[in-house]
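J.: Test case, fold it:
(2 chains)
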Amino acid sequence: MDAQALTYLFIIGSFALYVGIAVRSRATSTGEFYVAGGGVHPVANGMATAADWMSAASFISMAGIIAFMGYDGAVYLMGWTGGYVLLALLLAPYLRKFGEFTVPDFIGARYYSNTARVVAVACLIVVSFTYVAGQMRGVGIVFSHFLNVDIIWGVAIGMAVVFFYAVLGGMKGITYTQVAQYCVLIFAYLVPAIFISLLITDIPIPQIGLGATVNDGSGLMVLEKLDRTLVDLGFGAYTDGSKAMIDIFAITLALMIGTAGLPHVIVRFFTVPKVSDARRSAGYALLFIALLYTTAPAVGAFARLNFIDTVQDAPYAEVAGWFKRWEDIGLIGWQDKNADGAIQYAPGAPFDGPPAFTGERGEQGQRVLANAPGASANEVYVDRDIMVLANPEIAALPGWVIALVAAGGLAAALSTAAGLLLVISTSVSHDLMKKTLARGLSDRQELRYARIAAATAIVVAGYLGINPPAFVAQVVAFAFGLAAASLFPAILLGIFSRRATKEGAIAGMLAGLVFTFAYIAYFKFVEPGRNNAEHWWFGISPEGIGALGAALNFATALIVSRFSPAVPAPVRALIAAIRVPAGVERPHDHP
Amino acid sequence: MSREPLDDANHRRYWRANLKLMGLLLAIWFIVSFGFGILLAEPLNRIEFFGFKFGFWWAQQGSIYVFVALIFIYAAAMRRIDRQHGVSDDDGGAAKGGGVDDDRAGAD
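T.: Coordinates of the predicted model:
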């Protein structure tokens, strides 16, 4: 069987598995729809959280980003894992004890205010939609690369599958599907990584291979060779960063607290039976995530090494087949600036902007580019996203490994999309309808609203996936920055401060939100030309500004709380109650 | 009503023990990531560690391993602290000092 047929087989097989699981575990009450009845085993929840968390970005893009950023890639590695320590120590156990369905539920109850609840819903929806558009796009990309299916059809198929198991199964269906998706995606990530580690270092464990000697007889270590190769080509060393330390610090911090404040991750910890389970489950979640996150830097370094080895000074006519295949899809572009027929890779962009192909072929058979050549000697445009997807081809691995990567990428994108769509629908049916606009809803009516909201959200997400706003790559900074600056401080103060008042929380959330939004919007959209360290506040880029936004939120909340009426007694009792694990309840269905 | 479990001396001791443990673990969390991985990365890079520059290893590998360990340590240590103060959520372990009202309805 060829790779294409195997890819179809793997994708159809895995989809059938997900749908089958969803049918077996469909939700019949709001308790099951929102939090899987609160009966998920901590290890299963750990796997589900890992799949929920690891998105198309983690699976497809991260290793490629690290490959090209070198040391600076650490902001993602530490930022997207360190947040779980905050989640496990500061939020998850207490929110589980609180025992309701949603993050706005907690904000609304703790701050005795429906205004606070609605502000939280607004933050949640902005954060989650930003995120979900990227997932649907990821689904479309995998389909179009591996199966030559139009992106629109790819997104439509992905929507149909998510629709089926998220709308029918709710949290219960999603949870057990995510467990299966975790297994698929981690297997699909590790297998090629192990092969490539063996190929380059003879060591099967990528985490160790990264620190081992290259088996080309040079006697150099992997990172040593990479540093030398890059410096020879005029790049900075791989193990040195190019970002300022303050910016690295701020971005890492913003990603950490943003991660801990993401509603679709937090809500997963509402599904385990007990407070102690929530703590343990966060440990398992990070263990399962770490399996991929410690492999990614190895994949990134190997890929960069492989890429340079294959490409540098290779005559185009003789370069490996994958180079031309990805050129055909438009993710690689080559412009023979010095007309020597060979490929030269060097620092700097080869030309301005993305490649614009004229549709003609040059004398070497390359796709001709309409872009005006840039000043650098670099002739190669390469999209970072192809590093993971092309790795099996670069390393000449068998067809089934390539098929596996396609199924893994889809598992990562679909599992995250489903989790996001669920929190969006829940916040609409539960927080906006049941708790704010239509208080008399019965359980059955609320469940129907939840399903309608989930279906609507899927359609909107699909539309955003097919017609991504031009700034889709830019808005990732929004999702984390806003989660960090709005939700995380409000939840944290709600648990650890008995003085934080409703006025303080609302003022804090709004201050953090507006500040972060304005800062990112200014540098990304209003004055993109000024988006450099010279104009940034304290040298902090828009990606890291969420850290400052969070600090502003904390400060505002604490100051305003001092000057507003004290927290009422029942809420003080609530705070006292969530601080001890004893007496935890399974979430009940509303009568 | 206002029966506040935290005003009970036992609960206060429990909360202090929790905060102390948390402070210790978060200090380690900060040192390995922001300390070793970022602020001290440059001097640490002069040390070689199993084929890695040491600061680079902390930033891209080591800190993540420590994060995982920290959460499991917290979960295990808190279980013990829960039991010591009689606020554990183990079945039957919550006999003493549970006394926690379900005040959610009241707070809505």
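J.: Next up, the contacts around the closest residue to A:Ala282 other than its chain neighbours.
T.: Counting by Cβ to Cβ, 6 or more residues apart in numbering or on different chains, A:Ala282 lies nearest to A:Ala88, which is 3.5 Å off, once chain neighbours are set aside. Bear in mind the C-beta positions are built from the backbone N, C-alpha and C, glycine included. Going by Cβ atoms under 8 Å, 6 or more residues apart in numbering or on different chains, A:Ala88 touches A:Arg279, A:Ala282, A:Gly283, A:Leu286, B:Ile71, B:Tyr74, B:Ala75.
J.: How about the secondary structure of the nearest residue to the third one once chain neighbours are set aside?
T.: The spatial neighbour of A:Gly283 that comes closest, neighbours along the chain excluded (Cβ to Cβ, 6+ apart), is B:Ile71 at 3.9 Å. Following DSSP: H, G, I helix; E, B strand; the rest coil, we place B:Ile71 in the helix state.
J.: And the residue in chain A positioned nearest to chain B, how close does it get to A:Val222?
T.: The nearest approach of chain A to chain B comes at A:Gly211, 3.2 Å away (Cβ to the nearest Cβ). From A:Gly211 across to A:Val222, the span is 7 Å (Cβ to Cβ, to the nearest Å).
J.: Show me where the stretch 101-250 of chain A dips below the pLDDT cut-off.
T.: Low-confidence segments of the stretch 101-250 of chain A, defined by pLDDT under 70: none present.
J.: residues in it within reach of chain B, list them.
T.: A:108-110, A:112, A:207-208, A:210-213, A:221-223, A:239, A:241, A:245, A:248-249 (Cβ under 8 Å from any Cβ of the partner chain).
J.: Could you list which of those belong to helices?
T.: When these are checked against helices (DSSP state H), the matches are A:Gly108, A:Ala109, A:Arg110, A:Gln207, A:Ile208, A:Val222, A:Leu223, A:Met245, A:Ile248, A:Phe249.
J.: Mind giving me the ChimeraX command for buried ones among the residues you listed?
T.: To isolate the buried members of these in ChimeraX, using 16 or more other Cβ atoms under 10 Å in any protein chain shown:
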select /A:108,109,110,207,222,223,248,249
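J.: can I get the ones in helices among the residues of the stretch 101-250 of chain A next to chain B in a markdown table with distance to A:Ala377?
T.: Putting these into a markdown table (distance: Cβ to Cβ, whole Å) gives the following:
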| residue | distance to A:Ala377 |
| --- | --- |
| A:Gly108 | 59 |
| A:Ala109 | 61 |
| A:Arg110 | 59 |
| A:Gln207 | 35 |
| A:Ile208 | 36 |
| A:Val222 | 26 |
| A:Leu223 | 25 |
| A:Met245 | 30 |
| A:Ile248 | 29 |
| A:Phe249 | 34 |
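J.: returning to what we had before: got phi/psi on the closest residue to the residue of chain A closest to chain B other than its chain neighbours?
T.: Ranked by Cβ to Cβ, 6+ apart and with sequence neighbours excluded, the top spatial neighbour of A:Gly211 is B:Gly51, at 3.2 Å. Main-chain torsions, B:Gly51, degrees, to the nearest 10: phi 90, psi 0.
J.: Tell me if I'm right that B:Gly51 and A:Leu220 touch.
T.: No: checked against Cβ atoms under 8 Å, the pair B:Gly51 and A:Leu220 is beyond contact range at 10.1 Å.
J.: quick one, what contacts the closest residue to chain A within chain B?
T.: At 3.2 Å from chain A, B:Gly51 is the closest residue in chain B, using Cβ to the nearest Cβ. B:Gly51 is in contact with A:Leu210, A:Gly211, A:Ala212, A:Thr213, A:Met221, A:Val222, A:Leu223, counting by Cβ under 8 Å, 6+ apart.
J.: Kindly indicate the member of those residues with the most neighbours.
T.: A:Leu210 (30 neighbours; other Cβ atoms under 10 Å in any protein chain shown).
J.: Who's the closest spatial neighbour of that one, skipping the chain neighbours?
T.: A:Ala298 (4.1 Å).
J.: Low-confidence stretches in chain B?
T.: B:1-7, B:91-108.
J.: which stretches of the stretch 201-350 of chain A form strands?
T.: For the stretch 201-350 of chain A, the strands defined by DSSP state E, counting those that start in this stretch occupy A:332-334.
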